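> Just need the structure, nothing else, for what follows:
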Amino acid sequence: MKEFEKIYERYFGDVFRYIRRLSGSEQIAEEITSETFFKALRSIDKFRGDCDVRVWLCQIAKNCYYTYVKKRNRMKSVEDVELATFSDSTASPAEEVARREEIREIRHILHTMKEPYKEVFTWRVFAELSFQEIGRIFGKSENWACVTYHRARKMIKEKMEENNREEGM
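Next comes the predicted model:
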């Protein structure tokens, strides 16, 4: 039990921030994070150590969040959840509006992307996982995760440029 307390203390903040970014809500993040650690405690003996504890906890958290969303009849996948937006106090109102519009556009593009690109991009951006951790999730190499993430970024950038050209016509 003492070991699990150490896990809780070490990773609570990571899991909370991950869910807060997915949900956009501190209240939901608190609820899901609590549920995550409860489920982790119940199944700690099943943890095989194939991945980092943080990755395992974030996978549990993601599943808890999806269940939460389904129960609320708001069936949205991770690509539909608005990317975390933290106000930049130095940004003008016009810059803030432009930034929020760009975030909405990225969210829409993510919705149309194929796997594994959207999932790798999501793990990297939302959970701030390393390429090594992402590679482990997929049973691939760190290099695979890095390449896949950068391809996803390139796809998003190209689609945004294409959308801008269409608007300019």
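> show me where the chain has helices.
Ranges of helices in the chain, per DSSP state H, are 2-23, 26-43, 53-71, 93-112, 117-126, 131-138, 142-168.
> Mean confidence (pLDDT) on the fourth one, please.
Model confidence over helix 93-112 averages 78 on the pLDDT scale.
> packing partners for that helix?
The contact analysis (3 or more C-beta pairs under 8 Å, 6 or more residues apart in numbering; DSSP states H and E) places helix 93-112 against helix 117-126, helix 142-168. Yep, even glycine has a C-beta here, placed from its N, CA and C like the rest.
> So the residue most central in space within the chain versus I134, what's the distance?
What sits nearest the mean C-alpha location of the chain, by C-alpha atoms, centre = their mean, is F126, with 2.9 Å. As for F126, its distance to I134 is 11 Å (criterion: C-beta to C-beta, to the nearest Å).
> picking that back up, most tightly surrounded among the helices and strands packed on helix 93-112?
Counting by mean count of other C-beta atoms under 10 Å, helix 117-126 has the highest mean neighbour count of the helices and strands packed on helix 93-112, with a mean of 22.
> got the buried residues for the worst-scoring helix or strand of the chain on mean pLDDT?
Sorting the helices and strands of the chain by mean pLDDT, DSSP states H and E puts helix 93-112 at the bottom, at a mean of 78. Applying a neighbour-count criterion of 16 or more other C-beta atoms under 10 Å, one finds I106, I109, L110 buried in helix 93-112.
> Stretch 13-20 now?
D14, V15, F16, R17, Y18, I19, R20.
> contacts for it?
The set of residues external to stretch 13-20 that reach it, using C-beta atoms under 8 Å, 6 or more residues apart in numbering, is 26, 28-30, 32-33, 36-37, 54, 57-58, 61-62, 65, 84, 126-128.
> Same check on stretch 53-71?
7, 11, 14-15, 18-19, 22-23, 28, 31-33, 35-37, 39-40, 47, 75-78, 127, 129, 133, 136-137.
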